[in-house]
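Here is a sequence with its predicted model. Questions after.
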Amino acid sequence: MHVQSKCETEIRSLPGCAVIELRGEVDGSAAATLGAAYDDAVAADQAPCVLLDFARVDYINSTGIALIVSVLAKARSEGRQVIASGLSDHYRQIFAITRLSDFIQLYDDVDAAAASVGPA
Amino acid sequence: MTMAYEERQLVAFTVSSEPGNERLALARVAEAVAGSGLAPDQLERLKTAVAEATMNAIEHGNHNNAALDVDITVIDAGDSVSVLIVDQGGAHAATGDTAVELPDLDKKLAGLQSPRGWGLFLIQNMVDEMDVFTDGDKHTVRLSMHTTSSGGGRIAEPRDPEGDARAEQM
């Protein structure tokens, strides 16, 4: 059964990092949207790092977690690091429980993430 | 389950079994429990658990059949808030001794386990208690959260999902 995705993405580039800004709801219906955003981001910017910015995301469920796992697996297979910013305390807790935060460094916001990966 | 206080029903409603209706359920539950003594972080955890359990009821209990309802009841028991989520999949519910594979991120990243399978794991780690019972066709999940004044609100170590084969599909 097809469900209209309520997830939107915008891609931009920072020194050393491709940024995927997510908006709305990250659930299973966002698979095509997130997959295309990842492909576009790494095609446009060969940066070794992909930043997922969740600052404008208001809902993530278990199927959304599965999508993030898939993105992480693909990035790792390509030798890319995945980092994240803008998660609420609640979703930070979920990233900790699922151990995603063992593999994805979390930052308060895009600026803090950029400072960590950009040129010294 | 021993009740220390008289239970008070806060709301009872249904959602049809269509994907996405878990959002309606969590919004109604959040509205109903306002003022019940849950701390903000507890409310967020309860909302996530309700959404996951409702999604499971819609998808795996009622097989996305829009003609079947998921019944949701919210109860204030004084020292806790409980949400009962009932679907029509009792006849197909797993037996209590069914083993469920714990989601393992290392295995998922290695392609040895599906990226999915987080639903029951999340539910169990979001609420203070989860009970599952079946009565004929009715399959019920009861989610309980101790209110702040009763000493609830702790963040648990990750718990293992056991006893509900639907977890593999969540």
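Noted; the coordinates are in hand.

Could you use CA atoms for every contact and neighbour count after this?
Noted.

which non-adjacent residue is nearest B:Val141?
Take B:Val141 and drop its neighbours on the chain: the residue closest to it by CA to CA, 6 or more residues apart in numbering or on different chains is B:Val132, 4.6 Å away.

and if you look at B:Val11?
B:Val74 (5.4 Å).

what's the neighbour count on the one you found?
By the criterion of other CA atoms under 10 Å in any protein chain shown, B:Val74 has 24 neighbours.

rewinding a little: how about the helix or strand where the residue nearest to B:Val141 lies: buried residues?
Applying DSSP states H and E as the criterion places B:Val132 in strand B:129-135. Neighbour counts over strand B:129-135 (16 or more other CA atoms under 10 Å in any protein chain shown) mark B:130, B:132, B:134 as buried.

Tell me how far the residue nearest to the spatial centre of chain B lies from B:Gly61.
Centroid-nearest residue in chain B, with CA atoms, centre = their mean: B:Ala53, separated by 3.6 Å. To B:Gly61, B:Ala53 is 10 Å away according to CA to CA, to the nearest Å.

Check what pLDDT the spatially most central residue of chain A gets.
Residue closest to the average C-alpha location in chain A (CA atoms, centre = their mean): A:Leu52, at 2.5 Å. Predicted confidence (pLDDT) for A:Leu52: 98.

Listing request: residues of the chain with sub-threshold pLDDT.
Because you didn't say which chain, this covers chain A. Applying pLDDT under 70 to chain A picks out residues A:1-3, A:118-120.

that answer is for a different chain, and I need it for chain B
B:1-5, B:93-99, B:149-170.

Tell me the residues of it that contact chain A?
Residues of chain B that fall close to chain A, judged by CA under 8 Å from any CA of the partner chain: B:19-20, B:41, B:44-45, B:48, B:51-52, B:105, B:108-110, B:115-119, B:122, B:125, B:157-158, B:170.

Residues of chain A that sit close to chain B?
Counting by CA under 8 Å from any CA, chain A sits next to chain B at A:1, A:3, A:61-63, A:65-67, A:69-70, A:72-73, A:90, A:94, A:97-100.

what about the residue nearest to B:Val11, which helix or strand?
strand B:69-76.

How far does the helix or strand following that strand sit from its chain's centre?
Past strand B:69-76, heading to the C-terminal end, the next element that is a helix or strand (DSSP H and E) is strand B:80-87. Strand B:80-87 sits 7 Å away from the centroid of its parent chain (CA atoms, centre = their mean, to the nearest Å).

Quick check: can you name the pairing partners of strand B:80-87 and their directions?
Applying DSSP bridges, strand B:80-87 is found paired with strand B:69-76 (antiparallel), strand B:138-146 (antiparallel).

Dump the shortest one to PDB, restricted to CA.
This file holds the C-alpha atoms of strand B:69-76, laid out as PDB (Å, rounded to 0.1, in the frame of the first residue of the first chain):
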ATOM      1  CA  ASP B  69     -10.700  -0.700  13.500                       C
ATOM      2  CA  VAL B  70      -8.000  -0.400  16.000                       C
ATOM      3  CA  ASP B  71      -9.600   0.300  19.400                       C
ATOM      4  CA  ILE B  72      -7.600   2.600  21.700                       C
ATOM      5  CA  THR B  73      -8.400   3.300  25.300                       C
ATOM      6  CA  VAL B  74      -6.500   5.600  27.700                       C
ATOM      7  CA  ILE B  75      -6.700   5.000  31.400                       C
ATOM      8  CA  ASP B  76      -5.500   7.000  34.300                       C
END
